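Enquirer: structure, please.
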Amino acid sequence: MKQSILSGMGISLLPRITVERELKEEQLSGQQYKQNLATQLLYPKNKWISPQVEAFIEIVRNHASLW
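Expert: This next block holds a predicted model:
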């Protein structure tokens, strides 16, 4: 995603931590977005999910409302 933006192919909404270096090096410019965004978590239906992924899904379910 960052490479597409750096190549001039468009804009994107990304977490600030993801582009911190590029902002400091003035490769990208940005604006803060202060509105809530919808969060979606997608994973394969009817497939085996590792315990680590199950734990991650549970963390997201419990905490996504705070993001």
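
Enquirer: pretty sure E22 contacts M1?
Expert: No: judged on C-beta atoms under 8 Å, E22 makes no contact with M1 at a distance of 11.5 Å. Heads up, the C-betas are built off the backbone N, CA and C, glycines and all.

Enquirer: who has more neighbours out of these two?
Expert: Of the pair E22 and M1, E22 is the one with more neighbours under other C-beta atoms under 10 Å, namely 16 against 12.

Enquirer: ok, the more buried one - contacts?
Expert: E22 makes contact with 2, 6, 28, according to C-beta atoms under 8 Å, 6 or more residues apart in numbering.

Enquirer: just the buried ones out of those, please.
Expert: Neighbour-count burial (16 or more other C-beta atoms under 10 Å) applied to the contacts of E22 gives L28.

Enquirer: now, which of the contacts of E22 sits nearest N46?
Expert: K2 (33.4 Å; C-beta to C-beta).

Enquirer: that older thread, and of the contacts of E22, the nearest to E54?
Expert: When the contacts of E22 are ranked by distance to E54 (C-beta to C-beta), K2 comes first, at 29.5 Å.
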